[in-house]
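Enquirer: Requesting a structural model of the entry that follows:
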Amino acid sequence: MSFERYMSDCMSRDWANDKQGLFSSVAPFTGLGGGATSTGGLSFGSITRADVASAFAGGAKSSPKEQAYVSVVKQLNEAAAQGKQMDPITAFGAACEQYEDKTPETLMSACWKLLGDVLAVAQSRGISPSDGSEYSDALLQGGRNHLQAGFAVHMRGVISRHRSAAQRGADPDQLRDVQAYLAVRFRDKGTLDLQAPGGLDTTWAQVYYSLRAGWIDVALKAAERAVDVTQSRASNISVKQLLQHWLQDAAGFRQKHGARMVQECERLLQGYSHKQSQLKQDYQLLVYALLAGDNRSVDSLIKLNPSLLPTMEDYIWIKLSLVNTNPPAAAAGVGGGGSSGSGLYNISGSFSPSSGGGLGAPAYTLAGWQSELNRWGPKYYSKEGKEPLLFLTVLLLSLQFKRALSFLLKADMTKAYRLDGIHLAIALHFTGVLQVNTDEPLAGGPIELDLGAQLAAFGRRYVTIDSTTALHYYMLAAAVSGGGVKEQGRLFRELLVHSKDYGTLLGGGGALGSGGAIQVFVRDPVLRQQLFEYVAYDCQINQQPDEARELYMAAQKPRAALKIINQQLSAEIHASKGAMTELMSVLISRGQAAVEAISAAPDAASRRDADAFKQLQLIRQLLELAGKRQWDRVLQVAAKLIFLPSERARIDVCRLEVKQLDDSVRERMSDVLETVAQAILQLRANADHTMMSLLQERVACLKVFVLDLDPTIAPTVYESINACVREFS
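Expert: Residues are numbered from 1 along each chain as shown. Modelled structure (predicted):
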């Protein structure tokens, strides 16, 4: 291998290892063709494979990275609730970088950095998603800035590693950096004009690479030496003046000079010669195509010289510079403005003499560019799936945010990045990016992605271990799905049902929902009450009384809660035969709280519900005493029941009371009557004369009382009372 060949290979390898950019694969056919150099790129990350293999498994132990992400989510929600601003991209990026696995070639933290750069211009200018195409323009500029900054770092790295060839010197002028870089890059081309008079003209290359690095002043300085005799004669304007006009107002420039720039591109393509030095003609054509916004000329040139843009980042930068997000209707052209498949080129790839027609270049639209990128699929950009985050960077730079999320959350090659995908969706939600549909529908297949469902699914893994964390993701899922009480209520009900963590979620009493985790998301007490009532009613009709009860209590609707408590208490009394179970204790405690709340504003209906609760407590006590065979105390408790007569004078009054009883109490009539009959029989054996008289009076009352009492009375009740009558007859 020759020394020159060896040095060339070293420079290519250095470019791959040290550039602070994006990609490792070559550009597609329309960009770089088969002759491009395949180079490495900046890694854009993965998380530890072990902890994401079961990232959505219920109850899985969370990794430090996941815990850091969750902490950021809580901070974002709390900041939003307080009306404070917080940068989600920076926060998530810092959490990712601190805990991610640094061994893979690509790092997710670099993807966060890229996204931050894409959004930076819009944020600094105060441009919001509601500004439409202006917002998209700002995002595209952010992507260009990211690529330019990376290339500037790369240039200096090349110069530093090849000091002898670069001959940089101590001059602080940045133009010397560009010239030194060209001296290294084109050292196999022969003597350059930088090195000796009469050498190969690098003026246009200096202009192009200054623009590529984002050094505008340097580009204008280099343009002072750029000479185009044909253009000067036609318009009497210098290259520097053209460049200044374009930098100040690209749309106005193209309206005034676009047709002439396209003609110059045609002329250069038609006169293209592989035998001549390509430095001047290649870079002059690139600069003119940039000024004209002429994607057709760029594609034709790349076909003629595939090595001109050796990396994917070079290819994407120039395409980003050509995209027009707000083209005139007639200028958009077929398929989004002059992609290489638009029929404007002949088989050899040279410019068709009839194309252009003296008009400006067809607008190269965002949809056209996205379609061009998406023809090749993720494997092409990701080393056959080995580096999936490289394709993610392509999607982010081309503003295909929803496709990026779909790729991270659904593609087989990105299973290790599901955790990152969930939190990328949250970051895009907080920044408002998801409100803008920059994923052009014509640029690829339909995007089948329900982000609300994805966020809720992630939150479910915390339901039984940390209901507060689960709530954060559930409420974000509701917001991403469109928000509203209905969606919030549906997810909140699900969380209450499965976590049973009412105190944490709803609060411990006092002001409406005070102290509850839900108040972070619904701070307005009126809206919070509406949410609680909506969810409580939904729980009722779905046979979820525990949740409905607690929600009504939190919504300061104690009567509605007490009605549910009475029904639950009645059923539990029957099931446990009055024993004090855990549920019984909870129901009595909650019932007492409801009765206390009702007492503050008593009305007839509320008093009936409170009386029903009191009667149910007596019934429970009566059945519990019967279970302990304390028969004398059973009759003492029975005498306190307002609907049960202990003497004949009260029979008619008690029958009226029965008609007004709450259903929850009436349902326990059979249990009460049967237990009282059993107590009378048990006490008869050891009763003295006085007690016997009292028992006979009770039996006589029961005999008359149960006649035509209630069709729901069980037959066994009548049998028990008849047995008493026979014993005392």
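
Enquirer: any idea how far residue 123 is from residue 141?
Expert: 12 Å (CB to CB, to the nearest Å). From N, CA and C alone the C-beta is placed, and that goes for glycine too.

Enquirer: can you check residue 679 too?
Expert: 79 Å.

Enquirer: Could you do residue 547 as well?
Expert: Note on residue 547: its distance to residue 123, by CB to CB, is 42 Å.

Enquirer: ok, the two, which is more surrounded?
Expert: The residue with more neighbours, out of residue 547 and residue 123, is residue 547; 27 against 15, by other CB atoms under 10 Å.

Enquirer: how about the more buried one, what does it touch?
Expert: 493, 496, 497, 502, 535, 536, 539 (CB atoms under 8 Å, 6 or more residues apart in numbering).

Enquirer: now with 10 Å?
Expert: The neighbourhood of residue 547, defined by CB atoms under 10 Å, 6 or more residues apart in numbering, consists of 492-500, 502, 505-506, 535-536, 538-540, 564.

Enquirer: Ok, residue 226 next?
Expert: Neighbours of residue 226 in contact, by CB under 10 Å, 6+ apart: 201, 203-204, 206-207, 219, 238-240, 242-243, 280, 283-284, 287.

Enquirer: Kindly confirm my reading that it is in a strand.
Expert: No - in this structure, residue 226 is coil, not part of a strand, as judged by DSSP: H, G, I helix; E, B strand; the rest coil.

Enquirer: how about the helices of the stretch 551-700 of the chain, start to end?
Expert: Applying DSSP state H, counting those that start in this stretch to the stretch 551-700 of the chain gives helices spanning 558-576, 582-598, 604-627, 631-638, 651-660, 663-666, 669-684, 689-705.

Enquirer: Can you list the helices and strands that the lengthiest helix in the chain packs against?
Expert: Identified as the longest helix of the chain according to DSSP state H is helix 133-161. Other elements packing on helix 133-161 under the criterion 3 or more CB pairs under 10 Å, 6 or more residues apart in numbering; DSSP states H and E are helix 3-18, helix 108-125, helix 163-166, helix 174-185, helix 203-212, helix 312-322, helix 366-374, helix 388-397.

Enquirer: tilt between that helix and helix 174-185?
Expert: 60 degrees (axes from the mean of the first three to the mean of the last three CA atoms, to 10 degrees).

Enquirer: Low-confidence bits of the chain, can you list those?
Expert: 1-60, 229-235, 274-277, 327-359, 441-446, 508-515, 601, 710-711 (pLDDT under 70).

Enquirer: Excluding covalently adjacent residues, which one is nearest to residue 98?
Expert: What sits nearest to residue 98 in space, not counting adjacent residues and going by CB to CB, 6 or more residues apart in numbering, is residue 68, at 6.4 Å.

Enquirer: how many neighbours does that neighbour have?
Expert: Neighbour number of residue 68 under other CB under 10 Å is 20.

Enquirer: Please identify the buried residues of the helix or strand harbouring it?
Expert: Assigned by DSSP states H and E, residue 68 belongs to helix 64-81. Of all the residues in helix 64-81, those buried under the rule 16 or more other CB atoms under 10 Å are 65, 66, 68, 69, 70, 72, 73, 76, 77, 79, 80.

Enquirer: which strands and helices sit next to it?
Expert: helix 49-52, helix 88-99, helix 418-431, helix 451-460, helix 467-480.

Enquirer: In a markdown table: the ones you listed, plus mean neighbour count and distance to residue 226.
Expert: Listed next are the helices and strands packed on helix 64-81 as a markdown table, based on neighbours: other CB atoms under 10 Å; distance: least, CB to CB, whole Å:
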| stretch | mean neighbour count | distance to residue 226 |
| --- | --- | --- |
| helix 49-52 | 16 | 52 |
| helix 88-99 | 20 | 39 |
| helix 418-431 | 24 | 40 |
| helix 451-460 | 21 | 49 |
| helix 467-480 | 24 | 50 |
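
Enquirer: Now render those helices as JSON lines, adding distance to residue 615.
Expert: JSON lines is the format used below for the helices and strands packed on helix 64-81 (distance: least, CB to CB, whole Å):
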{"stretch": "helix 49-52", "distance to residue 615": "56"}
{"stretch": "helix 88-99", "distance to residue 615": "56"}
{"stretch": "helix 418-431", "distance to residue 615": "52"}
{"stretch": "helix 451-460", "distance to residue 615": "42"}
{"stretch": "helix 467-480", "distance to residue 615": "35"}
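
Enquirer: Let me know which of those helices is the nearest to residue 669.
Expert: helix 467-480 (40.1 Å; CB to CB).

Enquirer: Quick check: which helices or strands does the closest one pack against?
Expert: When contacts are defined as 3+ CB pairs under 10 Å, 6+ apart, helix 467-480 packs onto helix 64-81, helix 418-431, helix 451-460, helix 484-499, helix 502-506.

Enquirer: could you dump those to a markdown table with distance to residue 571?
Expert: Output for those, formatted as a markdown table (distance: least, CB to CB, whole Å):
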| stretch | distance to residue 571 |
| --- | --- |
| helix 64-81 | 39 |
| helix 418-431 | 41 |
| helix 451-460 | 30 |
| helix 484-499 | 19 |
| helix 502-506 | 20 |
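
Enquirer: How many residues are close by residue 465?
Expert: Counted with other CB under 10 Å, residues neighbouring residue 465 total 14.

Enquirer: hang on, it packs against residue 62?
Expert: Yes - here residue 465 reaches residue 62: they are 9.2 Å apart, a contact under CB atoms under 10 Å.
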